[in-house]
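Peer 1: Sequence first, predicted model second:
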Amino acid sequence: MNKGVHGKGFYPFAVNAFFDFLKRKGGCIMQREGQIRIPSGCAISGVFAKDGERMTGEDIITSIAAMHDRSNGLGGGFAGYGIYPEYKELYAFHVFYDDVDAREGCEKFLDRHFDVVNLSKIPTRKLPEITDEPLIWRYFVTPLPTKLKESQLTEREYTARCVMRVNTRIHGAYIFSSGKNMGVFKGVGFPEDIGRFYRLEDYAGYCWTAHGRYPTNTPGWWGGAHPFAMLDYSVVHNGEISSYDANRRFIEMFGYQCNLLTDTEVITYIIDYLHRRQGLTLEEAADVIAAPFWTAIEQRPPKERARLTYLRQMYASLLVTGPFSILLGFDGGMMALNDRLKLRSMVIAEKGERVYAASEECAIRVIEPEVDRIWSPRGGEPVIVRLHTNP
């Protein structure tokens, strides 16, 4: 079997789609990157219900479809939280497979490390717009007590390491979602088509995020679509990371492997590392990722200046530079964050218990025309919303 890029599968999905994209742009594979760049490309959108009211996936599809021209059909995806209440204590693994052999290899690994409570194909509908899809399966699992005890790890760390092991060692298998009571749904296509492909109208959750991708530096392929996820963290991102190599080299010292052909992957691992493993608050993690300039830190009160100085010095290699706006979904909440220069657009709105975030105001107005409040957060200023109570 052709193992594709970085030893993984999905080679046909990645390379063929990227070549087709270049042909549509009238170029060849040697064409210079700048000739096909769309600087403002990619779209993100999110909606969050602070009271925990569950919403179907229909509104988020409508929202991201309003920004259709920001994507080019080579990547779209969604993350939903609170969508598996009947299995909320179990990890929900969503998995892409190249073929049956990859599925059998992955399932043997899962059987050795987890109690698999339920497994099935993820329901999809056939659409002419969505082609060459891999095998897409779902597993509800919990770590085997004996294996967990032997590992001397926490349950979440054990699960994260198992996910990373599958994604780096089992050819043709990729666990693209691994949290509890949440799930990622993504692929190659325009986001509104991906939403219909996965039948998101059949799911309901208290939080939804969405992404429409316009890849300029990396190929469009199923694993490279957004959101990127690790455990219950999921990230959708508009922009590009000029600090990617420095960020990647640092984060890979702690067991993460960045091999999915897009810079957004490293943001997900940075957040997992800072928030889950280092115990930083999300506000502190934001101050690492989009740290204020030294000149701005010097003007802060002494206590705040000392805190920000510590974070910048301790986690210098995790400062993310370049234009970006991201939406982070996590268990019980959502965070919106711009780069510190605000080089990518981000609009936030509120209506009652609902909070909306999007690249463009139109994506909010199309599903909620009359908002109570709407604003654009400053660069590097996180907007964090949480449930009043856990669902």
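Peer 2: Noted; the coordinates are in hand. Residues are numbered from 1 along each chain as shown.
Peer 1: Helices along this protein, start to end?
Peer 2: Here the chain has its helices, by DSSP state H, at 11, 17-24, 58-65, 100-113, 145-151, 155-169, 191-197, 244-251, 264-271, 282-289, 294-297, 302-314, 361-365.
Peer 1: So which of those is nearest residue 139?
Peer 2: helix 100-113 (6.2 Å; CB to CB). Backbone N, C-alpha and C define where each C-beta goes, glycine included.
Peer 1: rewinding a little: columns mean neighbour count and mean pLDDT on top of the helices of the chain, output as CSV?
Peer 2: Formatted as CSV, the helices of the chain follow (neighbours: other CB atoms under 10 Å; pLDDT from 0 to 100):
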stretch, mean neighbour count, mean pLDDT
helix 11, 17, 37
helix 17-24, 15, 41
helix 58-65, 23, 96
helix 100-113, 16, 98
helix 145-151, 12, 97
helix 155-169, 18, 97
helix 191-197, 24, 97
helix 244-251, 18, 95
helix 264-271, 26, 94
helix 282-289, 21, 97
helix 294-297, 12, 96
helix 302-314, 14, 97
helix 361-365, 20, 97
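Peer 1: Residue 335 is nearest to which of these?
Peer 2: Per CB to CB, nearest to residue 335 of the helices of the chain: helix 282-289, 5.6 Å.
Peer 1: which helices and strands sit right next to that closest one?
Peer 2: Judged by 3 or more CB pairs under 8 Å, 6 or more residues apart in numbering; DSSP states H and E, helix 282-289 is in contact with helix 264-271, helix 302-314, strand 333-338.
Peer 1: Could you dump the ones you listed into a markdown table and include distance to residue 238?
Peer 2: Below are those laid out as a markdown table (distance: least, CB to CB, whole Å):
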| stretch | distance to residue 238 |
| --- | --- |
| helix 264-271 | 10 |
| helix 302-314 | 25 |
| strand 333-338 | 10 |
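Peer 1: Which one of those lies nearest to residue 96?
Peer 2: Using CB to CB, the helices and strands packed on helix 282-289 put helix 264-271 closest to residue 96, at 14.6 Å.
Peer 1: Which strands or helices does that closest one pack on?
Peer 2: With contacts taken as 3+ CB pairs under 8 Å, 6+ apart, helix 264-271 sits against strand 228-230, strand 233-239, helix 244-251, helix 282-289, strand 324-330.
Peer 1: who touches that helix?
Peer 2: 226, 228-230, 233-237, 241, 244, 247-248, 251, 256, 258, 285, 288-289, 318, 320, 324, 326, 328 (CB atoms under 8 Å, 6 or more residues apart in numbering).
Peer 1: sorry, back to before: got JSON lines for the helices of the chain, with distance to residue 385 too?
Peer 2: Formatted as JSON lines, the helices of the chain follow (distance: least, CB to CB, whole Å):
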{"stretch": "helix 11", "distance to residue 385": "40"}
{"stretch": "helix 17-24", "distance to residue 385": "35"}
{"stretch": "helix 58-65", "distance to residue 385": "16"}
{"stretch": "helix 100-113", "distance to residue 385": "34"}
{"stretch": "helix 145-151", "distance to residue 385": "33"}
{"stretch": "helix 155-169", "distance to residue 385": "23"}
{"stretch": "helix 191-197", "distance to residue 385": "22"}
{"stretch": "helix 244-251", "distance to residue 385": "26"}
{"stretch": "helix 264-271", "distance to residue 385": "16"}
{"stretch": "helix 282-289", "distance to residue 385": "11"}
{"stretch": "helix 294-297", "distance to residue 385": "25"}
{"stretch": "helix 302-314", "distance to residue 385": "23"}
{"stretch": "helix 361-365", "distance to residue 385": "14"}
